[in-house]
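>>> the amino acid sequence is not available; the structure is as follows:
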């Protein structure tokens, strides 16, 4: 079966619509980086203002205005595309609150899922990403779980769903903060600490103090 026509999906996103899509970990929910989309996602997920959404990006070059450290580049060389999220400083302030943290950082990932990778490349812009689930509930992995999650989140007419079938159970992406002098693992997910330390021996675990 060939790839779906992503033209209508891009039109939907560029008009400010929300999208549900498969990733290499769980189903994601997001849209382009505009205030209306951020507002809708914050309301749906009951998100705290100081807990920003991550971005799925088409390439490293698409966010080259972020402060790429040698450590961040080493991680991207090895683990991108894949389920490792890298936190970088947004010194130019180009991204708005909601994806830019109060500390001035942005979390980015280049997805290895072929459908979403093709989409962000066609869109040629970052895509906001959060898991499709109500707060406290597990992320959706199937069409039936998607239907329940969409209903519980109160998502309606502006939503488009890219159904990628049932996803294999997976942990969330690993998150490494490269915004400071020393990289810190904020969350250990599908890429374990031991593998990260093969690339960055000095990376700290979040519990290391």
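Ah, there it is. Values in this document were obtained by computation on a predicted structure and should not be read as measured data.
>>> rest of the way, CA atoms for contacts and neighbours
Noted.
>>> name the residues that touch the helix or strand bottoming out on mean pLDDT in the chain?
Lowest by mean pLDDT, DSSP states H and E among the helices and strands of the chain is helix 143-153, with a mean of 86. Residues from elsewhere that reach helix 143-153 (CA atoms under 8 Å, 6 or more residues apart in numbering): 44-45, 132-134, 140, 156, 163, 165-166.
>>> which one of those is nearest to residue 16?
Nearest to residue 16 out of these is residue 156 (CA to CA; 13.5 Å).
>>> mind listing what's buried along stretch 52-66?
Within stretch 52-66, the residues scored as buried using 16 or more other CA atoms under 10 Å are 52-60, 63, 66.
>>> was I right about residue 140 contacting residue 23?
No: if you go by CA atoms under 8 Å, residue 140 and residue 23 don't touch, sitting 11.1 Å apart.
>>> flag every buried residue along stretch 200-209.
For stretch 200-209, by 16+ other CA under 10 Å, it's 200, 203-204.
>>> now, these that are in strands?
If you go by DSSP state E, the buried residues of stretch 200-209 have residue 204 in strands.
>>> for the buried residues of stretch 200-209, give me TSV that also has distance to residue 37 and pLDDT.
TSV is the format used below for those (distance: CA to CA, whole Å; pLDDT from 0 to 100):
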residue	distance to residue 37	pLDDT
200	35	96
203	34	96
204	34	93
